[in-house]
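Colleague: Build me a structure from this.
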Amino acid sequence: MYVFAFSQWKYTLLAVVAALFLFSGPLFVQAQISNECGFSRTLEMGVDGEDVRCLQKFLNETGYTVAETGPGSPGNETSLYRTLTEEAVVAWQQAKNVSPASGVFGPVSQAAYLLDLIDTLETTVAEQTGVTPPPSPTPEPEVAGVSTSATDEAREQAAKFVEDAVMMVRDAEEQVEDFDDDEEEKADLEEDLRDARYDLYDALFDFFNKEYDEATELAREVLEDATDVLEDAGGESDKSEAEDILDDVKDLFDDVKDLFDQAEDNGDDVGDAEDLLEEAEDLLDDAEDAFDDRVYRQVISDALDAEERLEDAKDEIDVISEHDAIDAVEEAKDEYDDVEEEIKEAEDDGEDVDEADDLLDDAEREIIRAEAALDDEDWEDAVEFADEAEDLLEEALDAIGGSDDDEDEAEEAIDDAWDAYRDADDEVDDAEDDDDRGWENARELLEEAKDALDDAEDAFDDEDWEEATELAEEAEDLTEEALDEL
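Modeller: Now for the predicted structure:
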């Protein structure tokens, strides 16, 4: 990494280029640049899109060849970010002193890409206007052994905040663009967003000057200001989402803690619940610290991890909670509505539904008993009555043949989808051996189809026939798309 001391000339050029680059999609600069890409996301392994194709063209044209022949080679660039693209990006990052040279083309790499554009612009402007830019100070290389773990940590923190700030400004700009409630208010929002952009440029300058603390502080301000703009324009920010999730998980923690205390008082088995509760509490503390630091994506991540621990803790505790009881009763009521509708349809088709109607009446009585148990705060009885209602509803479906028909339909759909998948897999294998165009996209679509089929079989095992059928049909659609790629 070098220390870049930017002249006013570079500042002006970077402001022009960055405005187009970060907030307006592809660059359209009148100066002749060999390759101009607009990046609106981090590019990494598995990403698919035209921005990847543009990156491959840039790499090929600047000597960091993705592939000598075949997919990715000059003139044959693809939209898939895979191993060859990653290797070419690593080579480019190493040459540009982008650290870490991980092969992930994120905000730091994209900022370095801007610097390349600026150098090209300086040369082009000088050629077209005869105006020679002032000389830039010589970059100062890092001295071996000077870098410390503290510096590395400060750089990583700054990079994270800059990335979050860039993403938030993009989100805010999209929200403001769609804002049409009041023209005067929209103009104010645009002005606030413009100020945030200028601060973001300064944060980028600080980062490349290795002034990481200053870059972090500025990026934090940008993140906060852009968040305010987004919310004022009617959008939901990472901040509000993080706050909602954190509040929900804290409420869940209180519920599970009460459940744990109740189980211990009763002498019930609590398994590993205590350890899981402690882990969840630590994660929630981390989430609250991250919220104070305005690292909202970290808040969401920590809170969701805590939620997983709490759900596991609840499973360890041999006590039925109020939440469990309410969920069981609601599921039984939803199932009742579905079965009642199927029975009516069967009756309209002239089928004998007397037995199914009797079972439906029995299920309704069990649901009424379950709701009464809820009122009495008898959670165990509520779950027991709800489960009995679901069993009766299943019998009612069997009485009209609905359950068997749905099961047969799901099984047939899954079998057909697997047959189509296997045939397509053979064709893609042949295309790969022949290095035909499109086989890479086809392979990825087939992988998605296989995932959908695995999910379909799981749904079938859970006797969710409708979900199994839908997933099998989705898999078959993906298989057809894969064949279309060939």
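Colleague: where along the stretch 1-150 of the chain do the helices fall?
Modeller: 8-23, 50-61, 83-95, 107-129, 149-178 (DSSP state H, counting those that start in this stretch).
Colleague: What are the contacting residues of stretch 374-383?
Modeller: 320-322, 324-326, 328-329, 369-371, 373 (CB atoms under 8 Å, 6 or more residues apart in numbering). C-betas here are computed from N, CA, C, even on glycine.
Colleague: now the strands: where do they sit in the stretch 151-300 of the chain?
Modeller: Counting by DSSP state E, counting those that start in this stretch, the stretch 151-300 of the chain has no strands to list.
Colleague: can you count the residues close to the closest residue to residue 353 other than its chain neighbours?
Modeller: The shortest distance from residue 353 to any non-neighbouring residue, by CB to CB, 6 or more residues apart in numbering, is to residue 347 (4.7 Å). Around residue 347 sit 15 other residues, with neighbours defined as other CB atoms under 10 Å.
Colleague: And the furthest pair within the contacts of stretch 374-383?
Modeller: 321 and 369 (19.3 Å; CB to CB).
Colleague: Need the CA coordinates for stretch 101-120. CSV is fine.
Modeller: Presented in CSV, the C-alpha positions along stretch 101-120 are these (Å, rounded to 0.1, in the frame of the first residue of the first chain):
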residue,chain,number,x,y,z
ALA,A,101,-4.8,-9.4,-2.1
SER,A,102,-7.6,-11.8,-1.5
GLY,A,103,-9.2,-11.9,-5.0
VAL,A,104,-12.3,-10.2,-3.7
PHE,A,105,-13.0,-7.0,-5.7
GLY,A,106,-14.6,-4.8,-3.0
PRO,A,107,-14.6,-1.1,-2.2
VAL,A,108,-10.8,-0.8,-1.6
SER,A,109,-10.0,-2.5,-5.0
GLN,A,110,-12.7,-0.4,-6.7
ALA,A,111,-11.1,2.8,-5.3
ALA,A,112,-7.7,1.7,-6.6
TYR,A,113,-9.4,1.1,-9.9
LEU,A,114,-10.5,4.8,-9.8
LEU,A,115,-6.9,5.8,-9.3
ASP,A,116,-6.1,4.1,-12.6
LEU,A,117,-8.8,6.0,-14.3
ILE,A,118,-7.6,9.2,-12.8
ASP,A,119,-4.1,8.6,-14.2
THR,A,120,-5.6,7.9,-17.6
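Colleague: before we move on, back to that, for the residue nearest to residue 353, give its distance to residue 362.
Modeller: 18 Å (CB to CB, to the nearest Å).
Colleague: Using CSV, write down the CA coordinates of stretch 59-74.
Modeller: Output of stretch 59-74 as CSV, limited to C-alpha atoms (Å, rounded to 0.1, in the frame of the first residue of the first chain):
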residue,chain,number,x,y,z
LEU,A,59,-8.1,-7.1,-16.6
ASN,A,60,-7.5,-8.6,-20.0
GLU,A,61,-6.8,-5.1,-21.5
THR,A,62,-4.4,-4.1,-18.8
GLY,A,63,-2.2,-7.2,-18.9
TYR,A,64,-3.8,-9.3,-16.1
THR,A,65,-5.2,-11.9,-18.4
VAL,A,66,-8.1,-14.0,-17.1
ALA,A,67,-7.5,-16.8,-19.6
GLU,A,68,-5.4,-17.3,-22.7
THR,A,69,-8.2,-19.2,-24.5
GLY,A,70,-11.8,-20.2,-23.9
PRO,A,71,-14.2,-18.6,-21.4
GLY,A,72,-12.6,-15.4,-19.9
SER,A,73,-10.1,-14.9,-22.6
PRO,A,74,-9.9,-11.6,-24.6
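Colleague: What are the buried residues along it?
Modeller: Using 16 or more other CB atoms under 10 Å as the test for burial, stretch 59-74 gives 59-60, 64-67, 71-73.
Colleague: Could you list the low-confidence segments of the stretch 1-150 of the chain?
Modeller: 1-36, 38, 115, 117-148 (pLDDT under 70).
Colleague: Apply 50 and report the result again.
Modeller: Low-confidence segments of the stretch 1-150 of the chain (pLDDT under 50): 1-35, 125, 128-129, 131, 133-147.
Colleague: One more: the stretch 301-450 of the chain?
Modeller: Within the stretch 301-450 of the chain, the set of residues satisfying pLDDT under 50 comprises 402-403.
Colleague: Helices of that one, residue ranges please.
Modeller: So, for the stretch 301-450 of the chain - with DSSP H, counting those that start in this stretch - the helices run 322-348, 354-375, 379-400, 402-433, 439-461.
Colleague: Mind putting the ones you listed into CSV with distance to residue 88?
Modeller: Formatted as CSV, the helices of the stretch 301-450 of the chain follow (distance: least, CB to CB, whole Å):
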stretch, distance to residue 88
helix 322-348, 51
helix 354-375, 62
helix 379-400, 56
helix 402-433, 21
helix 439-461, 16
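Colleague: just those: most buried one?
Modeller: With neighbours defined by mean count of other CB atoms under 10 Å, none of the helices of the stretch 301-450 of the chain is more surrounded on average than helix 379-400, at a mean of 20.
Colleague: Can I get it in PDB? Just the C-alpha atoms.
Modeller: Once non-C-alpha atoms are left out, helix 379-400 reads as follows in PDB (Å, rounded to 0.1, in the frame of the first residue of the first chain):
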ATOM      1  CA  TRP A 379     -49.700 -24.200  27.800                       C
ATOM      2  CA  GLU A 380     -49.300 -28.000  27.900                       C
ATOM      3  CA  ASP A 381     -53.000 -28.600  27.500                       C
ATOM      4  CA  ALA A 382     -53.200 -26.000  24.700                       C
ATOM      5  CA  VAL A 383     -50.500 -27.800  22.700                       C
ATOM      6  CA  GLU A 384     -52.100 -31.200  23.400                       C
ATOM      7  CA  PHE A 385     -55.500 -30.100  22.200                       C
ATOM      8  CA  ALA A 386     -54.000 -28.400  19.100                       C
ATOM      9  CA  ASP A 387     -52.100 -31.600  18.200                       C
ATOM     10  CA  GLU A 388     -55.200 -33.600  18.600                       C
ATOM     11  CA  ALA A 389     -57.000 -31.200  16.300                       C
ATOM     12  CA  GLU A 390     -54.300 -31.600  13.600                       C
ATOM     13  CA  ASP A 391     -54.500 -35.400  13.800                       C
ATOM     14  CA  LEU A 392     -58.300 -35.200  13.200                       C
ATOM     15  CA  LEU A 393     -57.800 -32.800  10.300                       C
ATOM     16  CA  GLU A 394     -55.400 -35.300   8.700                       C
ATOM     17  CA  GLU A 395     -58.000 -38.000   9.100                       C
ATOM     18  CA  ALA A 396     -60.600 -35.700   7.500                       C
ATOM     19  CA  LEU A 397     -58.300 -35.300   4.500                       C
ATOM     20  CA  ASP A 398     -57.800 -39.000   4.300                       C
ATOM     21  CA  ALA A 399     -61.600 -39.500   4.300                       C
ATOM     22  CA  ILE A 400     -61.900 -37.500   1.000                       C
END
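Colleague: Please consider this matter closed, and thank you.
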